[in-house]
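Asker: Need coordinates for the below:
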Amino acid sequence: MACRIGELVLECRDPEVLARFWCEVLGFVVLEREAGEWVEIGTPEGFGGPQPTLFFSRRDEPRPGKSRLHIDVNATDRDQAAELERLLALGARPADVGQTGEESWHVLADPEGNEFCLLKARIDPL
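Answerer: Below is the predicted model of the structure:
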């Protein structure tokens, strides 16, 4: 038997802001929270469900250096252009990581500047 990702932990200045943003992006719900300290979001099935949960943990000072992990998302019910418009309206912003402009994906940043990519392919919702 292999391991399975149960949750992804992101350290951030404001767990509530990022939880709201990512709930809208992914269609997740808040599962648990400790006010001002952390918020966990995921599918309604919760931890151990069909997708990993996201756990936003308060950290006032960012760790030095660039994060070595980022999230890739795919639209499920619309094309990439429509999903890009939706993500930008939610508060995502374009990010420049040295891309050429020929990529099939868009590099974005969430409200705290964490980079993520919107990939071209649509995938089936769970």
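Asker: Residue 38 contacts residue 59, doesn't it?
Answerer: No. The criterion here is CB atoms under 8 Å, and residue 38 misses it with residue 59 at 10.1 Å. Heads up, the C-betas are built off the backbone N, CA and C, glycines and all.
Asker: Comparing these two, which residue is more hemmed in?
Answerer: The residue with more neighbours, out of residue 38 and residue 59, is residue 38; 18 against 12, by other CB atoms under 10 Å.
Asker: List the contacts of residue 22.
Answerer: With contact taken as CB atoms under 8 Å, 6 or more residues apart in numbering, residue 22 is in contact with 28, 41, 54, 56, 110.
Asker: isn't there a strand covering it?
Answerer: No. Applying DSSP: H, G, I helix; E, B strand; the rest coil, one finds residue 22 to be helix, outside a strand.
Asker: What distance do you get for it to residue 100?
Answerer: Separation of residue 22 from residue 100 (CB to CB, to the nearest Å): 28 Å.
Asker: Residue 68 too?
Answerer: In terms of CB to CB, residue 68 sits 22 Å off from residue 100.
Asker: same check, this time on residue 38
Answerer: Counting by CB to CB - residue 38 and residue 100 are separated by 38 Å.
Asker: do residue 13 as well
Answerer: 32 Å.
Asker: Tell me, how many residues neighbour residue 106?
Answerer: Per other CB under 10 Å, the neighbour tally for residue 106 reads 20.
Asker: Could you list everything it pairs with in the sheet?
Answerer: residue 118 (DSSP bridges).
Asker: Touching, it and residue 94? I think so.
Answerer: Yes. Applying CB under 8 Å, one finds residue 106 in contact with residue 94, separated by 7.2 Å.
Asker: Kindly tell me how buried the residue lying closest to residue 60 once chain neighbours are set aside is, as a neighbour count.
Answerer: Nearest residue to residue 60, sequence neighbours excluded (CB to CB, 6 or more residues apart in numbering): residue 13, at 6.5 Å. Other residues near residue 13 come to 15 when the count uses other CB under 10 Å.
Asker: Let me see the backbone angles for residue 13.
Answerer: phi -80, psi -40 (degrees, to the nearest 10).
Asker: what's the distance between the residue minimising distance to the centre of the chain and residue 51?
Answerer: What sits nearest the mean C-alpha location of the chain, by CA atoms, centre = their mean, is residue 22, with 5.2 Å. Going from residue 22 to residue 51 by CB to CB gives 12 Å.
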